[in-house]
Structure formats: C-alpha cells, structure tokens
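> What shape does this take:
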Amino acid sequence: MLQKIVCVTLPGLAPFEFGVICEVFGIDRSAHGGPAFDFHVVAAEPGPIRTKIGFDIVVHDDLSAAADADLIAIPAYEAGAAIDPRVLQVVRDAEARGAWVLSVCSGAFVLAEAGILDGRRSTTHWMYTDALARAYPDTTVDPDVLFVDDRHVVTGAGTAAGIDAALHIVRKELGVTAANVMARRMVVPPQRDGGQSQYIEAPVVDCQDESFAAVTEWMLRHLDQDLPVDLLARKSLMSSRTFARRFRAELGTTPTRWLNRQRLLRAQELLEDSARSLEEIAADTGFGGAAVMRHHFLQVLQTTPTAYRRAFGPRKVG
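Residues are numbered from 1 along each chain as shown. Below is the predicted model:
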C-alpha cells in the first residue's frame, strides 16, 4: 500500500519539480474522496537548501525518515553536481526492499548514479537524454516518452511529465478513482500515457478551432461504439490521413491508441465503482468482449480485470 512518501532534496533542486512532488503527495485530499499520504521532505544535511533559482528552502528532517518509505521521490537538480553517498544509499535501499522510486526530470541522474537504472529502461527531460545515455550506458534511455515504469522504478521526463509519472504510481497502487480525484483537484488530465511523446508539435490548448476538442468529447460519449478513423475524420471534416496526422500532432498519440486508453480508463472506473459483469463492462467500453478487454488490461496494466477488481473494487462495491 502506498502510504509513506519521502521526497529527498538536493542542493540545486528545481523548485517546479519539487513542487510537483509536494502537490501530488503532500496535500490531504481525503475530504474529497482522495488519499492522504504520510509525506516527508528530507535532506542529507537538514537546513537551508539552495535551489537552482537562487532562493533557499529549509528542510528539517534527515534521511532517517526514508528507511521505511513506500516511495522515494527525487526531484530535478543541477545534473552533474556531486551527490551525497548517503542519498545514493537511500535510493539503493528503497529499490532493494521493493519500494517505489520516482525521479522527475534530471533526478534520473541520481537513480543512475545509485546503479538502480542498470538493466532498466529510463527517461529524463529530452535535453538530458543523450547525456544520461552516455554517462550510464547500462540503462536504455528512451527520449520520446513522458515517463517509464520499469519494475517499480519510475523515471519522468521534464517538468509537467512529473505529474503524469506520480499519478501513474497512485493509479497503480490506489486505483483510477483516487488518481482522478487528485487530477481534478490539480486541474490536470487524469491520464496521459507514459508512451506519449515528450514534445507535441502543437499543444491542445493552441488549437485554432474546436474540432479536436469536439471530436474527443464525442468519442468519450460513444466509447461503446465502433469508432474507426474514417468516421472520426468525417465528423472533423477532414480526410482520414489529415485527421490521423493532425490528431497525433495535437495530442501526441494516435487516434487508436488514445481511444483504447480512454476505454481502458473507463473500464477501470466501472470495475471499481460498479457490480457489472466483465462482459457488460467490455460492451459498455467498446472492447466488445471480456477476452479482448483482458488482453488490453494485460498489455497495458500487467493485470487482469478480475485481479484489478479484486484489488480496487471492494472499497466501492464490496
């Protein structure tokens, strides 16, 4: 169970990425149906910690609080600076006992220096991916994704991708409903696929018209139906080729992949919140049958619908 979260600060830390970790894990959202974590901010040497912007934050707790943490989070810092050996040991110990380890942006260099990225896939901000791959050749660096989850070690790309990586962990441990509550409070999308491109040619908010907002909203209302690209293109008054190209440019993924992810999210919600049969849920979400839905659960979530309901359903329907 994800309960105790420890954020380890380093000299030269980036305020935004540090704030992301605090925002996701440091706020009690139980009044709104969300989780409340036992959150700690620690440092190898408690006291003033200089940020990369030039102001200080004051940290009161030392690294001893990390000994039994369920998650160790490392925000971005001045990559290349010396890392206290005690911090590296905290990271190694957490990985060894099966705890989650999360890095945001250049925090991946700390995980790599600790050795826990050896034999794992990883990512970081696209500006640093080449440097990470050169310095640590035993990790496979993917420069084109928002985050990577490789056996409880999660590396997030730059800035806002840290939110996606953190919510991914919440979703894996506490279920999609808890993650959605947190996302609504933060006014962010509840799910961006980790495989989505880091940099999108034209962000959704910069659309010149409402065609994609309208069509994606329509898709969400009709998940139970067959939604081929040519149908979606006609609704958007585009050719199929233009629609597919612009959809990927705007949303960072293909129409089919986006649609399957939304169907999966809806199925997760129904497994948590309803007593419908697997066949009914599969029909309601457009998978057609329980076997197809099970395939997508295994492919994306590495679990089955039955196991997912067993893990997250009793709180809602039991």
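
> What lies in contact with the longest helix along the chain?
The longest helix of the chain (DSSP state H) is helix 255-273. Here helix 255-273 makes contact (C-beta atoms under 8 Å, 6 or more residues apart in numbering) with 175-177, 180, 190-191, 193, 195, 216, 219-220, 223, 227, 229, 232, 243-244, 247, 251, 253, 276, 281-282, 284-287, 293, 296-297, 300-301, 305, 308-309, 312-313, 315-317. Glycine gets a C-beta too; all of them are placed from N, C-alpha and C.

> With only the CA atoms kept, save that helix in PDB.
Extracted in PDB, the C-alpha atoms of helix 255-273 (Å, rounded to 0.1, in the frame of the first residue of the first chain):
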ATOM      1  CA  PRO A 255      -6.400   8.100 -32.500                       C
ATOM      2  CA  THR A 256      -6.500   4.400 -31.900                       C
ATOM      3  CA  ARG A 257      -4.100   4.500 -29.000                       C
ATOM      4  CA  TRP A 258      -5.900   7.400 -27.400                       C
ATOM      5  CA  LEU A 259      -9.200   5.700 -27.800                       C
ATOM      6  CA  ASN A 260      -8.000   2.400 -26.400                       C
ATOM      7  CA  ARG A 261      -6.600   4.200 -23.400                       C
ATOM      8  CA  GLN A 262      -9.800   6.000 -22.700                       C
ATOM      9  CA  ARG A 263     -11.700   2.700 -23.000                       C
ATOM     10  CA  LEU A 264      -9.300   1.200 -20.500                       C
ATOM     11  CA  LEU A 265      -9.700   4.000 -18.100                       C
ATOM     12  CA  ARG A 266     -13.500   3.800 -18.300                       C
ATOM     13  CA  ALA A 267     -13.300   0.000 -17.700                       C
ATOM     14  CA  GLN A 268     -11.100   0.600 -14.600                       C
ATOM     15  CA  GLU A 269     -13.700   3.000 -13.200                       C
ATOM     16  CA  LEU A 270     -16.500   0.600 -13.800                       C
ATOM     17  CA  LEU A 271     -14.600  -2.300 -12.200                       C
ATOM     18  CA  GLU A 272     -14.000   0.000  -9.100                       C
ATOM     19  CA  ASP A 273     -17.500   1.500  -8.900                       C
END
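
> Buried subset of the contacts of helix 255-273 as a PyMOL selection?
Filtering the contacts of helix 255-273 down to the buried ones (16 or more other C-beta atoms under 10 Å) takes a single PyMOL command:
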select buried, resi 175+176+177+180+190+191+193+195+216+219+223+227+229+232+243+244+247+251+253+281+282+284+285+286+287+293+296+297+301+305+308+309+312+313
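
> care to break this protein down by domain?
Domain segmentation of the chain under the TED database yields 4-186, 212-312.

> end-to-end on the shortest one?
Domain 212-312 stretches 33 Å from its first residue to its last (C-alpha to C-alpha, to the nearest Å).

> quick thing: my sequence starts at 11, can you match it?
Will do, 11 is the new start, and the previous item becomes domain 222-322.

> Count the neighbours of residue 304 for me.
Neighbour count of residue 304, defined by other C-beta atoms under 10 Å: 17.

> Same check on residue 173?
24.

> what's the spacing between it and residue 130?
22 Å (C-beta to C-beta, to the nearest Å).

> What of residue 118?
From residue 118 over to residue 130 (counting by C-beta to C-beta), the distance is 11 Å.

> who's more crowded, those two?
Neighbours of residue 118 and residue 130, each counted by other C-beta under 10 Å, are more numerous for residue 118; the result is 31 against 19.

> now the strands for this protein?
14-18, 48-52, 57-60, 66-69, 81-84, 110-114, 131-132, 150-151, 157-160, 163-166 (DSSP state E).

> Report the buried residues of the fourth one.
Of the residues in strand 66-69, those with enough neighbours to count as buried (16+ other C-beta under 10 Å) are residue 69.
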